[in-house]
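>>> sequence first, predicted model second:
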Amino acid sequence: MKQRLTAIKNSKPDYDAIGKHLVDKLKFTIRTQHSLPLNWPPSGGDGLAWHETGLLLDSLDYRVIRENNTVNILVGVFSLPERAKIVLWLEYGTDEIPERPLFRTVIPNEKEYILEQLKSKHID
């Protein structure tokens, strides 16, 4: 029993699993936004509502950045600058596009999941 506890104590959180979970939650929210109480304004003729911009689903990704004793999990669009601009416009709005906060809605709701994943790998 002691060896098993030691193995658990010395294991590290699966940061990649956390990043993948967050991306999956973002994609789920985009796909089901009409059935969720998000209070986003409908898309106008611009075609830039999250669900109408299907290219964004394939562009969402995560990165795990390790520096010294710090680990950051970044979620967003990293490889396509033009799509990253669209994400920014949708998230915060512009003079012509109302904001539709996807990241600011989904990520805070996953705080408990993230904390559980981090705690489950450590024994106090």
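Ah, there it is.
>>> now the most centrally placed residue in the chain, nearest residue through space, not along the chain?
Taking Cα atoms, centre = their mean, the centroid of the chain lies closest to residue 22, which sits 3.8 Å from it. In space, and not counting its chain neighbours, residue 22 is closest to residue 75: 4.9 Å by Cβ to Cβ, 6 or more residues apart in numbering. From N, CA and C alone the C-beta is placed, and that goes for glycine too.
>>> ok, then the element right after the lengthiest helix in the chain?
Ranked by residue count under DSSP state H, the longest helix found in the chain is helix 15-31. Once helix 15-31 ends, the next helix or strand along the chain (criterion: DSSP states H and E) is helix 55-59.
>>> where's residue 79 relative to residue 60, distance?
Taking Cβ to Cβ, to the nearest Å as the measure, residue 79 falls 11 Å from residue 60.
>>> nope, residue 30 is what I was after
To residue 60, residue 30 is 8 Å away according to Cβ to Cβ.
>>> mind listing what the residue nearest to the centre of the chain touches?
Contact analysis of residue 22 by Cβ atoms under 8 Å, 6 or more residues apart in numbering lists 62, 73, 75, 106, 107, 110.
>>> can you flag which of these belong to strands?
62, 73, 75 (DSSP state E).
>>> got a list of what the last one touches?
Looking back up the chat, that one is residue 75. Residue 75 neighbours (Cβ under 8 Å, 6+ apart): 19, 22, 23, 26, 60, 61, 62, 103, 107.
>>> counting neighbours, which of these comes out on top?
The most neighbours of any of those, using other Cβ atoms under 10 Å, belong to residue 26, which has 23 neighbours.
>>> hang on, isn't that residue packed against residue 60?
Yes - contact criterion Cβ atoms under 8 Å: residue 26 and residue 60 qualify, at 5.6 Å.
>>> surely residue 113 and residue 21 touch.
Yes - counting by Cβ under 8 Å, residue 21 is a contact partner of residue 113 at 6.7 Å.
>>> with neighbour numbers in mind, choose between those two.
residue 21 (18 against 13).
>>> next, work out how far apart the more buried one and residue 120 are.
13 Å.
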